[in-house]
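Enquirer: have a look at this fold, sequence not included:
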């Protein structure tokens, strides 16, 4: 079984030019590690969520020309896929690893979830501000956060719900980023610890109704 720890060479995969060469490196170097991480994290995350949790490693099946700039393992409640549900994700790219919670563009009930978010933002604010590294990302593929949650007022947090509905591709992405040079020195246990610590801090969002 492949280790779930990423070394310096794994991050450089995203410098490889050309669709087929980069996809080949992702399949052989990155995907086995994400699969290991998925098997490791899913049972513990299921306990935190009090429900079945399935790991889905990105296949990038829709891509035929442009090589992806990141890849990931996502965790959701459906064995068939994760995009229509709230989900957690560990994403790897050239400059970092991200541990995030997402409501993506394909979420089945974005309006309902956004309304629940806005209703509960006041109560969620101190919970989200408790973990200093949590941040908001404008897009699921962004390596740099748009704002630290600790710096946002409850009103500003509530306003993030509008991001879901502003455009057809509206999304809400919250989590933590670890720079590649730091993550490349981590052991497998540190990836697991960082993922579970971040995801557990964001569990209240998963349960919003």
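Expert: Here it is on my side, so go on. Predicted, not measured: the structure shown is a model, and the values here were computed from it. Numbers count the residues shown, from 1 in each chain.
Enquirer: for this protein, what spans make up the helices?
Expert: Applying DSSP state H to the chain gives helices spanning 8-11, 19-25, 31-49, 110-129, 154-159, 161-166, 180-183, 188-206.
Enquirer: those helices: which one's closest to residue 66?
Expert: Checking the helices of the chain against residue 66 by Cβ to Cβ gives helix 19-25 as the closest, at 6.8 Å. No exception for glycine: its C-beta is placed from N, CA and C like everyone else's.
Enquirer: just to revisit the earlier point, reformat the helices of the chain as TSV; add mean neighbour count and distance to residue 147.
Expert: Below are the helices of the chain laid out as TSV (neighbours: other Cβ atoms under 10 Å; distance: least, Cβ to Cβ, whole Å):
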stretch	mean neighbour count	distance to residue 147
helix 8-11	15	25
helix 19-25	15	31
helix 31-49	18	26
helix 110-129	16	12
helix 154-159	16	8
helix 161-166	16	12
helix 180-183	16	21
helix 188-206	18	16
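Enquirer: now do the least confident helix or strand in the chain by mean pLDDT: distance to the chain's middle.
Expert: Between all helices and strands in the chain, the lowest mean by mean pLDDT, DSSP states H and E belongs to helix 161-166, at a mean of 88. What separates the centre of helix 161-166 from the centre of its chain is 18 Å, taken as Cα atoms, centre = their mean, to the nearest Å.
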